[in-house]
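In: give me a model of this one.
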Amino acid sequence: MSYLEYTVKTAPSGFRKILFLNWALVMLLIAVSGAGFLMLYSVAGGSFSPWAEPQMKRFAMGLVLMVIVAMVPIWFWRNISVVAYSVSLVLLVLVEVMGSVGMGAQRWIDLGFMRLQPSELMKITLVMILAAYYDWLPMHKTSRPLWVIIPAFLILLPTALVLRQPDLGTSILLITGGAMVMFMASVHWAYFTAVIGAVGGLVVAVFQSRGTAWQLLKDYQYRRIDTFLDPSSDPLGAGYHITQSKIALGSGGWTGRGFMQGTQSRLNFLPEKHTDFIFTTLAEEFGFLGGAFLLGLYALILLFCIAAAMANRDRFSALLILGISATFFLFFSVNMSMVMGMAPVVGVPLPLVSYGGSAMLVLMIAFGLIQSAHVHRPR
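Out: Numbers count the residues shown, from 1 in each chain. The predicted model follows:
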């Protein structure tokens with residue numbers, strides 16, 4: 001009996017699949033999203049509109065989608081991974097042609113009932129196609145140059161399209177997430193060392209070229225770097241966001257000012273308080289302990305996902321779970337680093353907490369894929 005036949009015969013059927021869901025993971029997702037609803041209620045001044053109520057509806061829809069995706073056998077998602085990636089790629093091209101513009105960037109497609117951000121979908125479909133690729137590729141070929149070029153191309157093609165929007169944060173997530181899947185698929189470490197060395201050399205060249213005839217960046221881009229390194233150099237301009245964010249973080253102390261008592265968010269000093277900078281609102285109102293509690297929930301989600309991957313003997317399923325987990329980790333780590341001034345401000349939302357439709361629904365679909373791999377693993 002082949003492995004696929006064994007998987008099909010041992011997989012649960014009908015309503016039994018509901019029992020095999022990773023319910024601990026579901027509860028953790030609800031807990032994190034609940035914290036998001038609470039903060040969106042707070043930043044709206046004690047009102048469910050305009051942010052908390054739509055977010056709650058999207059999460060409810062996302063839960064339904066997660067269960068539907070989980071009920072579908074994992075081999076189906078493996079078989080359509082090329083189609084899913086191709087559709088995401090076409091949507092990215094359509095953004096260039098007919099995309100909606102917001103905050104100086106062209107990133108969305110207006111569907112009437114919602115605005116879809118294809119780059120969010122690409123984060124997941126990229127993991128799917130890379131997991132399917134390495135499931136198909138024999139292990140002894142993973143580090144051969146020809147077979148490394150193919151996944152590198154699959155990563156760089158959508159990254160180039162996203163950079164044109166422009167969206168540096170998502171571009172970084174695509175490259176890093178794709179590279180992590182390649183690493184977990186056992187691609188030789190020498191490739192990653194060479195890339196890291198090349199990036200380090202490029203950074204040095206960027207700084208060395210400043211003020212020369214062969215300057216690599218524009219002057220305004222160098223000013224952004226200066227602002228990241230020293231936000232106080234332009235506190236009312238480019239450094240305003242991060243300066244106000246640090247004030248909010250520091251004023252929260254250990255236990256916070258109290259629910260709906262944050263001055264930075266309540267008095268509108270904190271920009272993007274309901275999206276990218278919502279973590280600073282939480283830290284101001286609930287302090288270090290509140291921020292650590294949310295970080296602990298994220299860590300538990302990762303632990304349950306990693307445990308599910310380790311218990312799964314199907315290569316595609318394991319790589320898919322680990323790849324989505326890595327992308328999820330990049331989401332919250334980059335966002336938290338950004339609002340604390342440890343990384344440049346690149347516009348990455350806090351998963352399941354920041355207000356947003358595309359990010360919420362795509363992330364719930366991604367956890368549906370994790371649940372599908374968990375439900376349909378051989379027992």
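
In: from the chain's centre, how far out does stretch 232-239 sit?
Out: Computed by Cα atoms, centre = their mean, to the nearest Å, the separation of stretch 232-239 from the middle of its chain amounts to 28 Å.

In: stretch 342-350 now?
Out: Using Cα atoms, centre = their mean, the offset of stretch 342-350 from its chain centre is 11 Å.

In: following the chain past the helix or strand harbouring Phe153, name the next helix or strand.
Out: Assigned by DSSP states H and E, Phe153 belongs to helix 145-163. Next in sequence after helix 145-163, counting helices and strands by DSSP H and E, comes helix 168-184.

In: give me the contact list for that following helix.
Out: Helix 168-184 is contacted by residues 119-120, 122-123, 126-127, 130-131, 134, 148, 151, 154-156, 158-159, 162-163, 189, 191-192, 195, 319, 322-323, 326-327, 330-331, 334, 346-348 when judged by Cβ atoms under 8 Å, 6 or more residues apart in numbering. Every residue, glycine included, has its C-beta placed from N, CA and C.

In: quick one on the thing from earlier: what does the helix holding Phe153 rub up against?
Out: Residues from elsewhere that reach helix 145-163, judged by Cβ under 8 Å, 6+ apart: 85, 88-89, 92-93, 95-96, 119, 122, 126, 129-130, 133-134, 137, 141-142, 170-171, 174-175, 178-179, 181-182, 187, 191.

In: list the buried ones in the host helix or strand of Val204?
Out: In this assignment (DSSP H and E), Val204 forms part of helix 189-208. Across helix 189-208, burial judged by 16 or more other Cβ atoms under 10 Å covers Tyr191.

In: and the angle for that helix with helix 145-163?
Out: Here helix 189-208 points in a direction 40 degrees away from that of helix 145-163 (axes from the mean of the first three to the mean of the last three Cα atoms, to 10 degrees).

In: what helices or strands is helix 189-208 leaning on?
Out: Counting contacts by 3 or more Cβ pairs under 8 Å, 6 or more residues apart in numbering; DSSP states H and E, helix 189-208 packs against helix 168-184.

In: pLDDT of the helix it packs on, averaged?
Out: Averaged over helix 168-184, pLDDT sits at 88.

In: then stretch 363-373?
Out: The average pLDDT for stretch 363-373 rounds to 94.

In: chain center to it, what's the gap?
Out: 14 Å.

In: contacts for that stretch?
Out: 21-22, 25, 29, 59, 62-63, 65-74, 77, 124, 128, 305, 308, 312, 314, 317-318, 320-321, 324-325, 327-328, 331, 351-352.

In: swap in 7 Å and give it another go.
Out: 21-22, 29, 62-63, 65-66, 68-70, 72, 74, 77, 124, 305, 308, 312, 317, 320-321, 324, 351-352 (Cβ atoms under 7 Å, 6 or more residues apart in numbering).

In: list buried residues within those residues.
Out: Using 16+ other Cβ under 10 Å as the burial test, the contacts of stretch 363-373 include 21-22, 29, 62-63, 65-66, 69-70, 72, 74, 77, 124, 305, 308, 312, 317, 320-321, 324, 351-352 as buried.

In: fine by me, we can end here.
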